[in-house]
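**Student:** Generate a structure from the sequence data that follows.
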Amino acid sequence: CTHGFTYGGSDGTGSNTNVIDKFPFASQTPATDWADAVKAQYAGAGCSSDTYGYALGGTLLNGTTIKSIERYPFATQTNGTEVGEITVARHTAAGVSSLTHGYACGGLFAPFNFSDIIDRVSFASDAPVSDHGDLIDPIAHPSASSSTTHGYVCGGTLVSVPGTGNSTISNVIQKFAYASNITASDVGDLIIAADGMSGHQY
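**Tutor:** Numbers count the residues shown, from 1 in each chain. Modelled structure (predicted):
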């Protein structure tokens, strides 16, 4: 594990970018333009295998929410390719990575329509994505962390009334197993209810 990468995003001027940036962990060095994403997009769920980076879903500049799964190699300066689709087009899902699969958890699939779906994609093949289970509630903007056996989805925005802008912020830490297709469980609370956080593991 030697480098970090970013994939697409919004540049703050009303445009999206398709740039894949790469930066080293070992030195304080500016990022380099490594390659290009398939589409200029933002808010895809990021997942990582040993050899590839993945972006699951996201949003185009015109507001179109996408289903695409895009993949690029860490070892070669090669542009991203589309290798499949998640079950429901959405953005701001949490990205979780096991040793063998990537997961897109929750997300927003239309104005004020939130998802509770946990999608799973195999790193070993371009096989169709499977619905691996559900979160406790439909949620967007959560953070995610990955252990070797479970994924964790923390906080996020909960829709209070479907189809409206009425929402609340969650403090729940949700946990789901990689090995079984079951609904996530509530395993604790954050100190403060929040959304849009970064997720890490140690």
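**Student:** and the closest residue to S180 other than its chain neighbours, what is it in contact with?
**Tutor:** Leaving aside its sequence neighbours, S180 sits nearest to G133 (Cβ to Cβ, 6 or more residues apart in numbering; 8.0 Å). No exception for glycine: its C-beta is placed from N, CA and C like everyone else's. G133 makes contacts with 118, 176, 180-184, as judged by Cβ atoms under 8 Å, 6 or more residues apart in numbering.
**Student:** any weak-confidence spans in the protein?
**Tutor:** Residues of the chain that meet the criterion pLDDT under 70 lie in 160-165.
**Student:** Contacts only, for the residue nearest the centre of the chain.
**Tutor:** Closest residue to the average C-alpha location of the chain: A45 at 1.6 Å, with Cα atoms, centre = their mean. Contact analysis of A45 by Cβ under 8 Å, 6+ apart lists 55-57, 93-95, 102-105, 107, 144.
**Student:** With V38 instead?
**Tutor:** The contact partners of V38, taken as Cβ under 8 Å, 6+ apart, are 18, 68, 70, 79-82.
**Student:** Could you identify which of the contacts of G133 has the most neighbours?
**Tutor:** I118 (27 neighbours; other Cβ atoms under 10 Å).
**Student:** Check the contacts of G133 against H200 and report the nearest one.
**Tutor:** Taking Cβ to Cβ as the measure, H200 lies nearest F176 of the contacts of G133, at 18.0 Å.
**Student:** The closest one touches S146, doesn't it?
**Tutor:** No - using Cβ atoms under 8 Å as the test, F176 is too far from S146 to be in contact (11.0 Å).
**Student:** Mark which of the contacts of V38 are buried, thanks.
**Tutor:** Among the contacts of V38, those scoring as buried are 18, 68, 70, 80, 82 (criterion: 16 or more other Cβ atoms under 10 Å).
**Student:** Just send the contacts of A45 back as JSON lines, with distance to N113, neighbour count and secondary structure too.
**Tutor:** Shown next, in JSON lines, are the contacts of A45 (distance: Cβ to Cβ, whole Å; neighbours: other Cβ atoms under 10 Å; DSSP: H, G, I helix; E, B strand; the rest coil):
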{"residue": "A55", "distance to N113": "21", "neighbour count": "29", "secondary structure": "strand"}
{"residue": "L56", "distance to N113": "18", "neighbour count": "29", "secondary structure": "strand"}
{"residue": "G57", "distance to N113": "14", "neighbour count": "30", "secondary structure": "strand"}
{"residue": "A93", "distance to N113": "13", "neighbour count": "33", "secondary structure": "coil"}
{"residue": "A94", "distance to N113": "17", "neighbour count": "29", "secondary structure": "strand"}
{"residue": "G95", "distance to N113": "20", "neighbour count": "22", "secondary structure": "strand"}
{"residue": "G102", "distance to N113": "23", "neighbour count": "29", "secondary structure": "strand"}
{"residue": "Y103", "distance to N113": "20", "neighbour count": "27", "secondary structure": "strand"}
{"residue": "A104", "distance to N113": "16", "neighbour count": "32", "secondary structure": "strand"}
{"residue": "C105", "distance to N113": "16", "neighbour count": "30", "secondary structure": "strand"}
{"residue": "G107", "distance to N113": "10", "neighbour count": "33", "secondary structure": "coil"}
{"residue": "A144", "distance to N113": "20", "neighbour count": "27", "secondary structure": "strand"}
